[in-house]
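>>> Show me the folded form of this:
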Amino acid sequence: MENIDATVLTTALPTMARDFGVRAPEMSVAVTSYLLSLAVFIPASGYLCDRHGTRRVFSAAILLFVAGSVACALSPSLLTLAAARVLQGIGGAMMVPVGRLIILRSVERHELVPAQSWLLVPGLLGTILGPPVGGFVVTYLKWHWIFWINVPIGLVGIVLVRRFIGDFREPSDHGFDFAGFVLSGLALGALLFGFELVGTGSNPRLGWGLVGGGVLCALGYVAHYRRRERAILDLSLLRVPTFRLSVIGGSLIRITHGAQSFLMALMLQIGFGYSAAASGLITLAPAVGSMPMKSLVPPILRRLGFRRAFILFGMGGTILYAVCGFFRPGWPAPAMFAVLCGAGFLLSFQFTAYNTIAYDEIPPARMSSAASFYSTLQQLTLSLGVCTAATVTHLSMSAGGRARPALADFSTAFWAVTAISFLSLFANLRFDPQAGSELSGAKTGAA
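Next comes the predicted model:
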């Protein structure tokens, strides 16, 4: 529901702009208000689950998302739409980390790898279905149906959660870290919004100012964390080797992934002259390629172990993303689709494996803190990828004295973000050869 909503909305923004009587670029506030809400409220998800239980929080998250969807459908102006998207974002901020926490607390350790594999499938399906659903809605219905379709899905989801989801919680007597909530929200919100302004090129000066402010707020949070016993984001989790290495390696990969989807859409439309529809079909390739990986992750990890698999698949994915820098208008569309499918196939493995081994050494009492911390970093690094891609593209254009990006500028950006992905190799090499052997079922000797 969440992924379909995001991709469908992007497709419908020009139509919505005409109805609201605003320019299409102004509709970006409908996206940024949602991202801002995500950034502020994701860190609070761990505390809320410990205090109120996963079943209640997960149900409330879906209900808030549905309520926000109804408010979006009824919005008479862009301002009210942005406010409704904030309400949606509060629900979305709870759904992903709480869903992951439910898996971590309800699944046996030896079943965690296949469980994490299946957990990614709905998100991938949402990414694949979103563009065609958006095209259908915009062409044959009114844009309001983008949000109305969430109502039946959400209501069914609440019923199923109340019936099947366990009510997991970790009793705690510590109060809510309000100061940490404000500092982390300001830091993450400023960073995400700043990255987007820089990435889209709409207001780079303000964007970099927000990034600087976000860094200052982040430093303020670190100082607060050192004084408080139970801060809202538990930075001590980075002392756990598998969690720290998963955060580092996964963040570097996600920066490249966020940049790749942004660059590919721009290159195909601006550099190749493709229509939005033709570009959308090709950029779906990574999601299509990632689908078969779900059933292959467990046997691959049993055979290779986490460390060796990270090294091999990380290098393979990096090489395929580097190939994207060689794409030119003369390339057949099926060839580009095949390369992107392969990259998505390898990337899907890495995301599933990182999302699993990150919790290998985390005790049950700290699972909720780990899930919210990990989800926060995921959201931040994907946005950082867009900022990185846009910045490198603009630098390459300036160096060449061009006002409009050329194919060489896109190639430079592809190879720059690919170099970031390559750096994950150093984190992967630091994993213990036996790390996650209980999760993967790999034989110690083989690992």
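>>> which stretches of the stretch 1-150 of the chain form helices?
2-20, 28-41, 45-52, 54-73, 78-106, 112-119, 121-140, 145-148, 150-164 (DSSP state H, counting those that start in this stretch).
>>> Mind checking those helices for the one nearest to Ala287?
Ranking the helices of the stretch 1-150 of the chain by proximity to Ala287 (Cβ to Cβ) places helix 121-140 first, at 4.5 Å. In this view, the C-beta of every residue, glycine as well, is placed from N, C-alpha and C.
>>> circling back to that earlier point, just put the helices of the stretch 1-150 of the chain in TSV and tack on mean neighbour count, distance to Cys217 and mean pLDDT.
Compiled in TSV, those are given as follows (neighbours: other Cβ atoms under 10 Å; distance: least, Cβ to Cβ, whole Å; pLDDT from 0 to 100):
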stretch	mean neighbour count	distance to Cys217	mean pLDDT
helix 2-20	19	26	74
helix 28-41	21	11	76
helix 45-52	22	19	78
helix 54-73	22	25	90
helix 78-106	21	18	84
helix 112-119	20	31	77
helix 121-140	17	29	71
helix 145-148	21	32	85
helix 150-164	15	32	91
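>>> Now stretch 346-354: average pLDDT?
When pLDDT is averaged over stretch 346-354, the result is 86.
>>> and the helices of the stretch 1-150 of the chain as JSON lines, adding distance to Arg205?
Shown next, in JSON lines, are those (distance: least, Cβ to Cβ, whole Å):
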{"stretch": "helix 2-20", "distance to Arg205": "24"}
{"stretch": "helix 28-41", "distance to Arg205": "17"}
{"stretch": "helix 45-52", "distance to Arg205": "33"}
{"stretch": "helix 54-73", "distance to Arg205": "31"}
{"stretch": "helix 78-106", "distance to Arg205": "22"}
{"stretch": "helix 112-119", "distance to Arg205": "40"}
{"stretch": "helix 121-140", "distance to Arg205": "32"}
{"stretch": "helix 145-148", "distance to Arg205": "33"}
{"stretch": "helix 150-164", "distance to Arg205": "37"}
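>>> Figure out which of the ones you listed is closest to Arg227.
For Arg227, the closest of the helices of the stretch 1-150 of the chain is helix 45-52, at 17.8 Å, according to Cβ to Cβ.
>>> Now the residue nearest the centre of the chain: phi and psi?
By Cα atoms, centre = their mean, the chain has its centre lying nearest to Gln379, at 4.8 Å. Gln379 has phi and psi values of phi -60, psi -40 when expressed as degrees, to the nearest 10.
>>> Quickly note the distance from the spatially closest residue to it that is not a sequence neighbour to Met293.
Nearest residue to Gln379 in three dimensions, chain neighbours excluded: Leu38, at 5.8 Å (Cβ to Cβ, 6 or more residues apart in numbering). Here Leu38 is placed at a distance of 26 Å from Met293 (Cβ to Cβ, to the nearest Å).
>>> just Arg85 next, same as before
32 Å.
>>> Then Pro364?
In terms of Cβ to Cβ, Pro364 sits 29 Å off from Met293.
>>> Which one of those two is surrounded by more residues?
Set Pro364 next to Met293 and count neighbours by other Cβ atoms under 10 Å: Met293 wins out with 22 against 11.
>>> is it true that the more buried one touches Gln350?
No. Taking Cβ atoms under 8 Å as the definition, Met293 is not a contact partner of Gln350, at 9.6 Å.
>>> For the two, list the residues in contact with both.
Counting by Cβ atoms under 8 Å, 6 or more residues apart in numbering, Met293 and Gln350 have no contacts in common.
>>> sorry, back to before: for the residue nearest to Gln379, what are its contacts?
Here Leu38 is in contact with Gly89, Gly92, Ala93, Leu192, Gln379 (Cβ under 8 Å, 6+ apart).
>>> ok, the nearest residue to the second one once chain neighbours are set aside - contacts?
Excluding the flanking residues, the one nearest Gly92 by Cβ to Cβ, 6+ apart is Glu2, at 5.4 Å. Neighbour list for Glu2: Phe65, Gly92, Met95, Val96, Gly123, Gly126 [criterion: Cβ under 8 Å, 6+ apart].
>>> Could you report the distance from Glu2 to Ile103?
Where Ile103 is concerned, Glu2 sits at a distance of 16 Å (Cβ to Cβ).
>>> How about Gly330?
45 Å.
>>> Also Cys217?
Per Cβ to Cβ, Cys217 is found 31 Å from Ile103.
>>> Tell me which helix or strand Asp167 sits in.
Per DSSP states H and E, Asp167 falls between elements, in no helix or strand.
>>> And for it, the neighbour number?
Quick note: Asp167 (other Cβ under 10 Å) scores 14 neighbours.
>>> can I see the domain layout of the chain?
1-176, 234-447 (automatic domain parsing).
>>> Quick one: these as a markdown table, columns for distance to Arg227 too.
Listed next are the domains of the chain as a markdown table, based on distance: least, Cβ to Cβ, whole Å:
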| stretch | distance to Arg227 |
| --- | --- |
| domain 1-176 | 14 |
| domain 234-447 | 12 |
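>>> who wins for proximity to Trp208 among the ones you listed?
The nearest among the domains of the chain, by Cβ to Cβ, is domain 234-447 at 9.6 Å.
>>> hmm, back to that, mind checking which of the domains of the chain is nearest Gly213?
domain 1-176 (13.4 Å).
>>> for that closest one, the distance to its chain's centre please.
Remark: domain 1-176 is offset 13 Å from the chain centroid, using Cα atoms, centre = their mean, to the nearest Å.
>>> distance of the residue nearest to Met315 when sequence neighbours are not counted from Ala419?
Spatial nearest neighbour of Met315, excluding adjacent residues (Cβ to Cβ, 6+ apart): Leu425 at 6.7 Å. Separation of Leu425 from Ala419 (Cβ to Cβ): 11 Å.
>>> For those two, work out which one has more neighbours and name it.
Set Leu425 next to Ala419 and count neighbours by other Cβ under 10 Å: Leu425 wins out with 16 against 13.
>>> any idea how far Phe20 is from the residue nearest to Ala12 when sequence neighbours are not counted?
Among residues not flanking Ala12 along the chain, Trp143 sits closest, at 4.6 Å (Cβ to Cβ, 6+ apart). Separation of Trp143 from Phe20 (Cβ to Cβ): 10 Å.
>>> Gly207 now?
24 Å.
>>> cool, Pro122 as well?
For Pro122 relative to Phe20 (Cβ to Cβ), the value is 31 Å.
>>> repeat for Leu129
26 Å.
>>> what do you get for Ala218?
Distance from Ala218 to Phe20, counting by Cβ to Cβ: 35 Å.
>>> Kindly report the same for Leu281.
Taken as Cβ to Cβ, the span from Leu281 to Phe20 is 28 Å.
>>> and if you look at Gly385?
Gly385 is 30 Å from Phe20, by Cβ to Cβ.
>>> who's in contact with Ser33?
Applying Cβ under 8 Å, 6+ apart, the residues near Ser33 are Ala82, Ala83, Arg85, Val86, Gly89.
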